[in-house]
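Trainee: Predicted model and sequence below, questions to follow.
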Amino acid sequence: MRTAIDTSALFALLYPSDTHNERAKELLGTAARSGAVVITPPVYTELAADSGFGSQDSLDEFLDETGIELSVPTTETRYTAGQAFRRYLDRRGDALQCSVCGTETVFDCPDCGSPVSARRHVPSDFVIGAHAEQEADALVTFDAGFFRDYFEVEIRALTD
């Protein structure tokens, strides 16, 4: 069993005060006991941007201590990510999407009346999803609704 980890799950693990810290520990512990636990270069990059890691050595030490491996996606996986991103761009509208179930809704700002726009996904989100779909067996994430819309992979969500 090979489990890919999204950045959100690692942030929950890193911060004991995070409401999902215990769930992140549980899911990552189960993943580690079942086989390899991997992240992609975009996840590594997002972790490096966190102020909790004062240096590359401290980030690398965290990954070594937790047994998390850096996995570079194949060319085919990166192409799949690009195709999924294209589908996303083609269907993206102004709706906000629930990260748990994927339901979309639109509303206007109560102060100025302008449409409140959705968090926009970026290509790295698609690299993470395509990698999980093609090179892993499962993905641990907060953003289950999004990943289910674009990738066929077992999702282990931090929220129910």
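Mentor: Nice, I can see it.
Trainee: Buried residues, stretch 143-155. List them.
Mentor: 143-148, 150-151, 153, 155 (16 or more other CB atoms under 10 Å). Quick note: C-beta positions are derived from backbone N, CA and C, even for glycine.
Trainee: So what's the gap between the lowest-mean-pLDDT helix or strand in the chain and the chain middle?
Mentor: Least confident helix or strand of the chain, by mean pLDDT, DSSP states H and E, is strand 96-97 with a mean of 73. Going by CA atoms, centre = their mean, to the nearest Å, the spacing between the C-alpha centre of strand 96-97 and its chain's C-alpha centre is 16 Å.
Trainee: list the helices and strands that strand packs on?
Mentor: strand 104-105 (3 or more CB pairs under 8 Å, 6 or more residues apart in numbering; DSSP states H and E).
Trainee: Give me the mean pLDDT for stretch 61-73.
Mentor: Stretch 61-73 shows a mean pLDDT of 96.
Trainee: And the pLDDT for Ser117?
Mentor: pLDDT, Ser117: 66.
Trainee: Just the strands from this protein, written as ranges.
Mentor: 2-5, 36-39, 68-70, 96-97, 104-105, 138-141, 154-157 (DSSP state E).
Trainee: Buried deepest among the ones you listed, which one?
Mentor: Most buried of these, by mean neighbour count (mean count of other CB atoms under 10 Å): strand 138-141, with a mean of 26.
Trainee: same for that strand, what does it pack against?
Mentor: strand 2-5, helix 7-14, helix 21-34, helix 123-135, strand 154-157.
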